[in-house]
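# quick one: sequence plus predicted model below, questions after.
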2 protein chains.
Amino acid sequence: MSLSRLFVDHDLGPGVEAPLDEAQVHYLRHVMRRPDGASLLLFNGRDGEWRGTLEGRGKKAAVARIAERTREQAVEPDIWLCFAPLKRARIDYVAEKSTELGVAVLQPVVTHHTIVERVNVERLRANAVEAAEQTERLSVPEVRAPMELGRLLGDWPTGRRLLVCDETGSGPPIAQALAGLDDAARSAPWAIVIGPEGGFDAAELSSLSRIKDVMAVGLGPRILRADTAALAALACWQALVGDWQRPTPRLHADYCTSRGIV
Amino acid sequence: MSLSRLFVDHDLGPGVEAPLDEAQVHYLRHVMRRPDGASLLLFNGRDGEWRGTLEGRGKKAAVARIAERTREQAVEPDIWLCFAPLKRARIDYVAEKSTELGVAVLQPVVTHHTIVERVNVERLRANAVEAAEQTERLSVPEVRAPMELGRLLGDWPTGRRLLVCDETGSGPPIAQALAGLDDAARSAPWAIVIGPEGGFDAAELSSLSRIKDVMAVGLGPRILRADTAALAALACWQALVGDWQRPTPRLHADYCTSRGIV
């Protein structure tokens, strides 16, 4: 049986008592049926991954008593995904998949042609936490409150490169654009911007073009839905610019066994 | 209002009467409320895309009377996706997204560690048709019946290259492997193989390694779910080897207007 793996906010270190929230306690006791003393893995996005044991604190509360570190925290690429809100199943999927693909920040953007106006930020965050817990990621992307595209661009951080996936086909192919980057561009912070299903309007395209380090790219001859474009662009960026360029660390056999990875 | 776009099996050409099936007639009349004489777009994966008009043939039947061609059929990359079956929502998503990403063949493979044994091929095909209809694709991927991995590899087509996404990290990064291909490899037919959540067993890894043109690649330091790995690998393959390398054809303004693409 693989170990339960949980994201917590608390600092992690030897001997620490990390409080678990009510949902986590319910999950461990009633879904996974873990007794007191069961081993857990915990991460907080800062201190790496730690093994701990479940200790009850009454009927509904529990802590994880932290023992030893199982993995060091790694530096992850600084890549934002800025996307127009989508209907519920699709936006859930974007949160889950982009977490697996290593996104650092999820920034919903409201555009002129955005159809879905409301975003449940807490729900997106819960999806991101669950995806990180289940796929061995050591951090959880930050999910930001929705922001109007003009405002986001008006206050754009100096030096952050911007990759715009443009269905109208005015940009070069994504691999050609990313493979040709110089070292300064490769080590810069980045953001991917995906438009709404209806596309950007003229004022938005003009605001985008005023960003200093903006690059419009094409994603091939077929029209992609916005959620597909987001994940395809993120995968290509990781492969060509991000941390997929490094050889994948081979997982140790005992590490795999402890998690039920065959 | 954008035109309804339908996949049909029938040959398409000027003056042809293409029969619509019961589900299509129901969709046009009762969901989209199209009257007789309404314009439609049709494609069959062979003859390009054609504009036609809806003609009733009694209470439940209708045909599309074909008028003029709106787009030429394009040659698409010969890329198979071989994947272990997944639970329902995830396998639906793989069918939909891989269709948008231009996969030619969806081949479910049964492996030793496959958890889900049954595959609803008709349901996968319906997902693929719907994704092609809604995203301007001119063809629908072939959805094959599930096959045991050993049998598939035992009968592997000569010359078809095989990209194996390998979580154990024994392969080079995907972009490095694909960017370094020679012209013969680039123009060859390809397949991507994604293992089940539990990984391949030793006999399967050995069968894979006996394929002549096999290449194992890594998809970065985070563990990806099988559906995420499939779509990420397909996006990277299209960007670096497939038809995303060509500049995206800019859509004509009148073409966009006719489809409600703003």
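Cool, the structure landed.
# the residue in the stretch 1-150 of chain A positioned nearest to chain B and B:Ala226, how far apart?
Using C-beta to the nearest C-beta, the closest approach of the stretch 1-150 of chain A to chain B is made by A:Glu136 at 4.3 Å. Glycine gets a C-beta too; all of them are placed from N, C-alpha and C. From A:Glu136 across to B:Ala226, the span is 14 Å (C-beta to C-beta, to the nearest Å).
# cool, A:Val31 as well?
From A:Val31 across to B:Ala226, the span is 23 Å (C-beta to C-beta).
# looking at these two, which one has more neighbours?
For A:Val31 versus B:Ala226, the count of surrounding residues by other C-beta atoms under 10 Å in any protein chain shown is larger for B:Ala226: 20 against 9.
# need the contact list for the more buried one.
Applying C-beta atoms under 8 Å, 6 or more residues apart in numbering or on different chains to B:Ala226 gives the contacts B:Phe83, B:Ala84, B:Leu86, B:Arg90, B:Ile194, B:Gly195, B:Pro196, B:Glu197.
# between all of those, which two are separated the most?
The largest separation in the contacts of B:Ala226, counting by C-beta to C-beta, is between B:Arg90 and B:Gly195 at 14.4 Å.
# between the two, which is the more surrounded one?
Under the criterion of other C-beta under 10 Å, the comparison of B:Arg90 against B:Gly195 puts B:Gly195 first, with 26 against 17.
# okay, the more buried one: pLDDT?
Looking at B:Gly195, its pLDDT stands at 83.
# and what of the one 10 residues further on?
On the pLDDT scale, B:Leu205 is placed at 86.
# host element of it?
helix B:202-209 (DSSP states H and E).
# give me the number of residues near A:Met215?
18.
# residues in contact with it?
Counting by C-beta under 8 Å, 6+ apart, A:Met215 makes contact with A:Arg161, A:Leu162, A:Leu163, A:Val164, A:Gly171, A:Ala177.
# helix/strand/coil for the second one?
What DSSP: H, G, I helix; E, B strand; the rest coil gives for A:Leu162 is strand.
# and the closest residue to it other than its chain neighbours, how far is that from chain B?
Take A:Leu162 and drop its neighbours on the chain: the residue closest to it by C-beta to C-beta, 6 or more residues apart in numbering or on different chains is A:Val214, 4.4 Å away. Using C-beta to the nearest C-beta, to the nearest Å, A:Val214 is found at 17 Å from chain B.
# do any residues in stretch A:179-192 lie close to chain B?
Yes: applying C-beta under 8 Å from any C-beta of the partner chain, one finds stretch A:179-192 touching chain B at A:Ala179.
# low-confidence ranges in the stretch 101-250 of chain A?
Along the stretch 101-250 of chain A, the parts satisfying pLDDT under 70 run over A:117, A:167-170, A:247-250.
# 50 instead, please
By pLDDT under 50, the low-scoring segments of the stretch 101-250 of chain A are A:250.
# now do the contacts for the spatially most central residue of chain A.
Chain A has A:Thr99 as the residue nearest its centroid, 2.9 Å off, counting by C-alpha atoms, centre = their mean. A:Thr99 sits next to A:Asn127, A:Ala128, A:Ala131, A:Ala132, A:Thr135, A:Arg137, A:Val140, A:Pro141 when contact means C-beta under 8 Å, 6+ apart.
# tabulate the residues you listed in JSON lines, adding columns for neighbour count and secondary structure.
Formatted as JSON lines, the contacts of A:Thr99 follow (neighbours: other C-beta atoms under 10 Å in any protein chain shown; DSSP: H, G, I helix; E, B strand; the rest coil):
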{"residue": "A:Asn127", "neighbour count": "22", "secondary structure": "helix"}
{"residue": "A:Ala128", "neighbour count": "25", "secondary structure": "helix"}
{"residue": "A:Ala131", "neighbour count": "23", "secondary structure": "helix"}
{"residue": "A:Ala132", "neighbour count": "22", "secondary structure": "helix"}
{"residue": "A:Thr135", "neighbour count": "17", "secondary structure": "coil"}
{"residue": "A:Arg137", "neighbour count": "26", "secondary structure": "coil"}
{"residue": "A:Val140", "neighbour count": "18", "secondary structure": "coil"}
{"residue": "A:Pro141", "neighbour count": "27", "secondary structure": "coil"}
